[in-house]
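**Q** okay, structure incoming, though there's no sequence with it:
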């Protein structure tokens, strides 16, 4: 096991980096300042890197150790969200309307600190380690871009045998790690359904074809997919989050559009929900003598941990942090994560680390304007990453 004082040595500089990154949040594929800050740290450490890949100029990939040995990858995401920060922190965002509300500043800094420790013990590494700072997790599918560019298959650096990633989790206290084998996070598809009727005066509905009533019927009916078509032991979510239509109270419009998200955990349920939502919308449109324009936008796949890799993360967490510091995740979470693309290519595990500071029972949620990745979680993330490397093959 890596001595705690090795982590303590780099912790102040890692926390300082996190604060600096927190001040310069950038949206998907626009993380040029962020990438420059990360690369400057790698330059200080004497770690060479690939700065940018096809379609992702802000990606940074480095590797340490003997490339003839098996290669495991560690990944951190670097982008932020379009949120106005309300934390009041001295290192709050200086980019108005953009904020690190999902903790990617913490993830990126954790991986830089891990790189510093691994560089210092490079001669003793049991494996080659690939370090991936990935852009565009928040809706941009940066992981998919990097997979297609060759970050795993050997076209960019050594071929990867396994991959690990972490996420700060506001449902867990600092010092605690959690994950599970199999599905951990959901697939995230979106749909847009436009019901096209015939507009008319609101006092004479019989002269038109009402797309508002049609859309309202669809919003209610879509929930029946979960309650009547899904296996009750499986999980799915249909949420209609946007409705657009109408200009006045006494006018029935020509068209109404609804938009929503579809969340599922298995490939089978994902295929089923896609077909069912379109079928139900089409049937309701036909029943109301309306036309339908339906668009499905595929999102991220379900994040599915390899059972052997999840067991490895559990063993490392219990050994490095203590049995009481590992909590098996009881069930999947219906949020999404593009780390799923890596897990479709190689075995690996995505895990959570707690960010609730000591003395607090609750913490702002992810994507909240008051969320901040806790500095105390940085040491836990570095410990996990380093121990996953050093324990490989034992």
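**A** Looks like it arrived, so ask away. What you see is a predicted model; the values in this text were computed from it and never measured.
**Q** can you map out the helices along the stretch 51-200 of the chain?
**A** 104-120, 142-149 (DSSP state H, counting those that start in this stretch).
**Q** turn those helices into CSV, columns for mean pLDDT and mean neighbour count.
**A** C-betas here are computed from N, CA, C, even on glycine. Shown next, in CSV, are the helices of the stretch 51-200 of the chain (pLDDT from 0 to 100; neighbours: other C-beta atoms under 10 Å):
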stretch, mean pLDDT, mean neighbour count
helix 104-120, 97, 25
helix 142-149, 98, 22
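**Q** can you list those in JSON lines and add distance to residue 337?
**A** JSON lines is the format used below for these (distance: least, C-beta to C-beta, whole Å):
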{"stretch": "helix 104-120", "distance to residue 337": "11"}
{"stretch": "helix 142-149", "distance to residue 337": "9"}
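**Q** closest one to residue 223 among those helices?
**A** Comparison of those against residue 223 by C-beta to C-beta identifies helix 142-149 as nearest, at 30.1 Å.
**Q** how distant is the closest one from the center of its chain?
**A** Distance, stretch centre to chain centre, for helix 142-149: 14 Å (C-alpha atoms, centre = their mean, to the nearest Å).
**Q** in terms of secondary structure, what does that helix contact?
**A** Using 3 or more C-beta pairs under 8 Å, 6 or more residues apart in numbering; DSSP states H and E, the elements in contact with helix 142-149 are strand 50-53, strand 56-64, strand 128-134, helix 340-345.
**Q** what's the closest of the helices of the stretch 51-200 of the chain to residue 338?
**A** Comparing the helices of the stretch 51-200 of the chain by C-beta to C-beta, helix 142-149 comes nearest, at 4.0 Å.
**Q** and the angle for the closest one with strand 128-134?
**A** Counting by axes from the mean of the first three to the mean of the last three C-alpha atoms, to 10 degrees, helix 142-149 lies at 130 degrees to strand 128-134.
**Q** tell me the angle helix 142-149 makes with strand 56-64.
**A** Using the same axes, to 10 degrees: helix 142-149 against strand 56-64 is 70 degrees.
**Q** how about residues contacting helix 142-149?
**A** Residues from elsewhere that reach helix 142-149, judged by C-beta atoms under 8 Å, 6 or more residues apart in numbering: 28-29, 53-56, 59, 61, 75, 77, 79, 132, 134-137, 152-153, 155-156, 338-342, 344-345.
**Q** buried subset of the residues you listed?
**A** 28-29, 53, 56, 59, 61, 75, 77, 79, 132, 134-137, 152, 156, 338-342 (16 or more other C-beta atoms under 10 Å).
**Q** what helices and strands are in contact with the helix or strand encompassing residue 277?
**A** Per DSSP states H and E, residue 277 falls inside helix 267-287. If contacts are counted by 3+ C-beta pairs under 8 Å, 6+ apart, helix 267-287 sits against strand 187-196, helix 211-224, strand 236-245, strand 255-264, strand 291-297.
**Q** list the buried residues in that helix.
**A** Quick answer for helix 267-287 (16+ other C-beta under 10 Å): 269-270, 272-274, 276-278, 280-281, 284-285.
**Q** pull the distance from the longest strand belonging to the chain to the chain's centre.
**A** Longest strand of the chain, by residue count under DSSP state E: strand 162-173. Strand 162-173 has its C-alpha centroid displaced from the chain centroid by 10 Å (C-alpha atoms, centre = their mean).
**Q** residue ranges in the chain under the pLDDT threshold?
**A** Applying pLDDT under 70 to the chain flags residues 1-3.
**Q** how does it look with 80?
**A** 1-4 (pLDDT under 80).
**Q** domain assignment for it?
**A** Annotated domains of the chain cover 4-183+303-390, 187-297 [automatic domain parsing].
**Q** end to end on the last one, go ahead and measure it.
**A** Taking C-alpha to C-alpha, to the nearest Å, the span from the opening residue of domain 187-297 to its closing residue is 12 Å.
**Q** and what of stretch 79-97?
**A** 14 Å.
**Q** count of neighbours near the closest residue to residue 329 other than its chain neighbours?
**A** With C-beta to C-beta, 6 or more residues apart in numbering as the criterion, residue 329 has its nearest non-adjacent residue at 3.9 Å, and that residue is residue 180. Applying other C-beta atoms under 10 Å, we find 22 residues neighbouring residue 180.
**Q** I'd say residue 180 and residue 333 touch.
**A** No - assessed by C-beta atoms under 8 Å, residue 180 is found out of contact with residue 333, at 9.8 Å.
**Q** still on that earlier bit, turn the helices and strands packed on helix 267-287 into a markdown table, columns for mean neighbour count and distance to residue 83.
**A** Shown next, in a markdown table, are the helices and strands packed on helix 267-287 (neighbours: other C-beta atoms under 10 Å; distance: least, C-beta to C-beta, whole Å):
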| stretch | mean neighbour count | distance to residue 83 |
| --- | --- | --- |
| strand 187-196 | 22 | 19 |
| helix 211-224 | 19 | 27 |
| strand 236-245 | 16 | 16 |
| strand 255-264 | 22 | 18 |
| strand 291-297 | 14 | 22 |
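**Q** what would those look like in a markdown table with distance to residue 162?
**A** Output for those, formatted as a markdown table (distance: least, C-beta to C-beta, whole Å):
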| stretch | distance to residue 162 |
| --- | --- |
| strand 187-196 | 22 |
| helix 211-224 | 39 |
| strand 236-245 | 30 |
| strand 255-264 | 25 |
| strand 291-297 | 31 |
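**Q** nearest to residue 392, of the ones you listed?
**A** Among the helices and strands packed on helix 267-287, if distance is taken as C-beta to C-beta, the winner is strand 187-196, at 29.4 Å.
**Q** who does that closest one pair up with?
**A** strand 255-264 (antiparallel), strand 291-297 (antiparallel) (DSSP bridges).
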